[in-house]
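Colleague: Below are the sequence and a predicted model for it; my questions follow.
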Amino acid sequence: MNIVGILVGIAFFIIIGVFHPIVIKTEYYLGKRAWPVFLGAGILACVCSLLLFNLVASAILAAVGFTCFWSIKELFEQEERVLKGWFPMNPKRKEYYQEMANRQKSKAREKEEQSRMPGIEYEG
């Protein structure tokens with residue numbers, strides 16, 4: 001019986017669980033502009049995983065690296081969740097969120113205007 005796979009799976013589960021609040025707190029305090037930190041950490045972790053001889057440690061470090069890469073995507077999506085009101089916004093960054101909400105509204109209006117065909121009357 002080989003328990004190594006189960007141990008690596010547990011480590012992956014813990015890594016993902018640890019990164020979830022890291023992404024939330026990073027967006028709250030720094031916003032999505034912190035994404036290069038996750039990129040650098042991910043590259044560093046993946047390069048280090050290539051240099052390790054221990055297969056388990058290498059796999060776990062690679063999981064940390066790819067979780068950092070995934071966190072970049074989640075950081076941008078977290079901002080969307082904040083704008084939808086699903087997560088609290090940082091009051092110190094309120095102006096930033098208002099600007100982002102205004103941009104989203106203007107993009108939605110532009111998209112709606114582009115979808116209308118010329119020469120056709122629309123109600124509303």
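Modeller: Great, that's in hand.
Colleague: Against which helices or strands is the lowest-mean-pLDDT helix or strand in the chain packed?
Modeller: Across the helices and strands of the chain, the lowest-confidence element by mean pLDDT, DSSP states H and E is helix 94-115, at a mean of 82. Contacts defined by 3 or more Cβ pairs under 8 Å, 6 or more residues apart in numbering; DSSP states H and E place helix 94-115 against helix 55-84. Glycine gets a C-beta too; all of them are placed from N, C-alpha and C.
Colleague: can you pull the buried residues of the helix it packs on?
Modeller: Neighbour counts over helix 55-84 (16 or more other Cβ atoms under 10 Å) mark 58-68, 71-72, 74-75, 78-79, 82-83 as buried.
Colleague: same deal with stretch 99-113?
Modeller: Buried-residue list, stretch 99-113, by 16+ other Cβ under 10 Å: M100.
Colleague: What of stretch 35-42?
Modeller: 35, 38, 41-42.
Colleague: Nearest spatial neighbour of F12, chain-adjacent residues omitted?
Modeller: A63 (5.0 Å; Cβ to Cβ, 6 or more residues apart in numbering).
Colleague: What pLDDT is listed against the one you found?
Modeller: Per-residue pLDDT puts A63 at 96.
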